[in-house]
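**Student:** Pasting the sequence and the predicted coordinates here, then a few questions.
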Amino acid sequence: MSRMLSRRGFVQRAAAASVLATVPLGALASQARFSSYPFKLGVSCGDPSADGFVLWTRIAPEPFEPEQLGRVSFEVDWEVAEDSAFRHIAAQGSELAQAHLGHSVHAEIGGLSPGREYYYRFRLGPYESPPGRAVTTPLPGDSPASLRYAACSCAHYEQGFFSAYRYMADDHPDLILELGDYIYEVGYGERRVRLFDKREAFTLADYRRRYAQYQMDPDLQAAHAACPWLVTWDDHEVDNDYAGLSSADQACGGEAVRRAFFDRRAAAYQAWFEHMPVRPSRWRVQAGLQVYGSIDWGRLARFYLLDTRQYRSPQACAKAATPLTCDTEAGRRLLFIGAGGGHLIGITDPACQPELEDVSRTILGAEQESWLDGQLGSSHARWNIIAQGTPFAPIFEGTREAPLIYSDGWSGYPAGQQRLIGALGRHKVANPVMLTGDVHAFFVSEVRNRRDTPVAVEFMTSSIANNNSDKSKVLPLNPHILYHDGTHSGYLLCETTPTRTRADVVAIDDMHDPRTPRRVLASFEVSDGDPRPHRLPQ
Ligand code: CA
């Protein structure tokens, strides 16, 4: 995009610390000098293809006062090298950091070689960004011998340190899959290791500061610099348990709350785009963002990134509104006590069942569901890895006679859940693997169809840092759950080869300790052609 503009004609030179005063509004600066280092939020890479990827950074010399940069846009140079010393440059160019997108840079790089690693960095005036490592995918017909990837979710900045991100970087995976709750919009908790700048984010400026606070964390920066990320989101990138254009507290008050939530969601979506290494074509002003998509790793694997928030119907069987919890004037609520959102519901409760099982209710939305069906049907990949934000296999609570499920997961949308299970069978999808986040606990489960036959495996990762959720006591109700740990944070480290997929449950001992050790709690393996996971000896 930047090459379309007349470069020198618009360039203004700005002197030290006075860039704001000397550059006219709307101008373009490439020789900027700032009062402070402008690459404080690090760099990242995403959406890899066989000939390139997206490179991201954001110009933020004063991350908590971004308005200081005003409406000036900057031309930022990038370079991609074949080696970490940047001796052999494979490509270089420049991209705009535009004011209306928070001075973020999303540079789409093409023309590179397939199936290899690269290194990249940015430059603006006298400033150079830290370097990052990128990887291109193999060619569509190639069959690589293996692929290593990490999966993570639920990073609450206040609840714990991001040691798990640092260990993910140390593992040198080819890819990192972000399964949602990358940020939290709200602060809470008994034991906080650090604080948000503001308790809850509502506006674009709030969310920008929230992402800036996260991305200044050195452990998160290390994970971003380690390899390309494939990202989707869950609820906390916007608001706890939101569904489409319904916030969890919508029942609290009419049109004003709905309007406030529409604006809030648009602000949160924009901030997500501004801070994620995703293709600019995903960005749709005010109309939402296309987060779902797929990426092929040669013939070895196809990754499907699902968006289970933007298009979903409200959770079924909402509790009656509790007026005491509503603050309708500000369109705000108290966390976890709204009328809507997720809660435990009885799947055999006659008062709930008709709504729960209504086939018109959806978690993906009709368009995404149809896209996914087409993608599954056309896949020639040996492994089909479905990465998404919320539990797929049921986690039954209550009793055997009166089972309860949490209404926010796929089991709260049983028609949609069965449509996806049906598509796996109808298209004879090879080796489906679900990768899931959301519940701050590790699970390894068989996904079973209505005849109780295993059709896929689900590997669910715990939180990077958030209070854990121990479900050990409900395991007797859930024979399809083969493993659970609800006492550790951490991530999954996976390896896929033509014959097997292995998942290591990697835990940190203590999220409150920035130097906590890590350990592999358990390892599971799935063989080509058999969806049942087997635990490996330690
Ligand atoms: Ca969530």
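**Tutor:** Arrived safely, thanks for sending.
**Student:** List the contacts of Trp371.
**Tutor:** Shown in contact with Trp371 (C-beta atoms under 8 Å, 6 or more residues apart in numbering): Tyr292. Any C-beta I mention is one placed from the backbone N, CA and C, and that applies to glycine too.
**Student:** Buried residues in the host helix or strand of it, which are they?
**Tutor:** Trp371 belongs to helix 366-378 when assigned by DSSP states H and E. Residues of helix 366-378 classed as buried: 368-369, 371-373, 375-376 (neighbour count, 16 or more other C-beta atoms under 10 Å).
**Student:** So what's the gap between that helix and the chain middle?
**Tutor:** 20 Å (C-alpha atoms, centre = their mean, to the nearest Å).
**Student:** tell me the mean pLDDT for it?
**Tutor:** Over the span of helix 366-378, the pLDDT mean works out to 98.
**Student:** cool, stretch 456-466 as well?
**Tutor:** Rounded mean pLDDT across stretch 456-466 is 98.
**Student:** Endpoint to endpoint, that stretch covers what distance?
**Tutor:** Stretch 456-466 has an end-to-end distance of 28 Å (C-alpha to C-alpha, to the nearest Å).
**Student:** How about stretch 223-239?
**Tutor:** OK, stretch 223-239 end separation, C-alpha to C-alpha: 25 Å.
**Student:** residues touching Phe442, list them.
**Tutor:** 460-462, 483-486, 488, 490, 492, 505, 507, 521.
**Student:** Setting the sequence-adjacent residues aside, check what's closest to it.
**Tutor:** Asp485 (4.4 Å; C-beta to C-beta, 6 or more residues apart in numbering).
**Student:** wait, isn't that neighbour in contact with Val520?
**Tutor:** No: under the criterion of C-beta atoms under 8 Å, Asp485 makes no contact with Val520, lying 11.4 Å away.
**Student:** Do any residues in stretch 401-411 lie close to the ion?
**Tutor:** No: using C-beta under 5 Å from the ion, stretch 401-411 stays clear of the ion, coming no nearer than 7.4 Å.
**Student:** beta partners for the closest residue to Glu128 other than its chain neighbours?
**Tutor:** For Glu128, ignoring the flanking residues on the chain, the nearest one in space by C-beta to C-beta, 6+ apart is Arg121 at 6.1 Å. Note on Arg121: beta-bridge partners by DSSP bridges are Glu79.
**Student:** which strands and helices sit next to the helix or strand hosting Asp219?
**Tutor:** Using DSSP H and E, Asp219 sits within helix 218-226. Applying 3 or more C-beta pairs under 8 Å, 6 or more residues apart in numbering; DSSP states H and E, we find helix 218-226 packed against strand 43-46, strand 132-135, helix 163-170, helix 204-215.
**Student:** what's around the closest residue to Arg265 other than its chain neighbours, how many residues?
**Tutor:** The shortest distance from Arg265 to any non-neighbouring residue, by C-beta to C-beta, 6+ apart, is to Val238 (5.3 Å). By other C-beta atoms under 10 Å, 25 other residues sit near Val238.
**Student:** Give me the pLDDT for Val238.
**Tutor:** 96.
**Student:** ok so, going back, of all the helices and strands packed on helix 218-226, which one is nearest the ion?
**Tutor:** helix 204-215 (15.9 Å; C-beta to the ion).
**Student:** returning to that earlier point: list the residues that contact the residue nearest to Glu128.
**Tutor:** 43, 78-79, 86, 128-132.
**Student:** Could you look up the SS state of Gly422?
**Tutor:** helix (DSSP: H, G, I helix; E, B strand; the rest coil).
**Student:** Kindly report the same for Glu62.
**Tutor:** Glu62 - assigned by three-state DSSP - is coil.
**Student:** quick one, longest helix in this structure?
**Tutor:** helix 254-275 (DSSP state H).
**Student:** Can you tell me the number of residues neighbouring the residue in the stretch 151-300 of the chain positioned nearest to the ion?
**Tutor:** The ion sits closest to Asp234 of the stretch 151-300 of the chain, with a gap of 3.9 Å, by C-beta to the ion. Neighbourhood size, Asp234 [other C-beta under 10 Å]: 26.
**Student:** Provide the secondary structure category for it.
**Tutor:** Asp234 ends up coil, using three-state DSSP.
**Student:** does it really touch Ala155, like I thought?
**Tutor:** No: using C-beta under 8 Å, Asp234 is not in contact with Ala155, being 11.4 Å away.
**Student:** The chain against the ion: which residues are in contact?
**Tutor:** 181, 234-235, 438.
**Student:** Output those residues as TSV; include the columns distance to Arg191.
**Tutor:** Formatted as TSV, the residues of the chain next to the ion follow (distance: C-beta to C-beta, whole Å):
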residue	distance to Arg191
Asp181	19
Asp234	23
Asp235	23
Asp438	22
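**Student:** What is the nearest of the residues you listed to Val455?
**Tutor:** Asp438 (21.0 Å; C-beta to C-beta).
**Student:** could you check the angle helix 204-215 makes with the longest helix of the chain?
**Tutor:** 40 degrees (axes from the mean of the first three to the mean of the last three C-alpha atoms, to 10 degrees).
**Student:** Show me what counts as buried in helix 254-275.
**Tutor:** Neighbour-count burial for helix 254-275 [16+ other C-beta under 10 Å]: 257, 260-261, 264-275.
**Student:** Please name every helix or strand in contact with it.
**Tutor:** Using 3+ C-beta pairs under 8 Å, 6+ apart, helix 254-275 is in contact with strand 53-58, strand 104-109, helix 204-215, strand 288-289.
**Student:** Give me the helices and strands touching the second one, please.
**Tutor:** Read it as strand 104-109. strand 53-58, strand 73-81, strand 89-97, helix 254-275.
**Student:** Just the residues contacting the last one, thanks.
**Tutor:** To tie it back to what came earlier, the one meant is helix 254-275. Contacts of helix 254-275 (C-beta under 8 Å, 6+ apart): 41, 56, 58, 101-102, 104, 185, 201-204, 206-208, 210-211, 215, 233, 237-239, 242, 245-247, 249-250, 282-283, 286, 288-289, 328-331.
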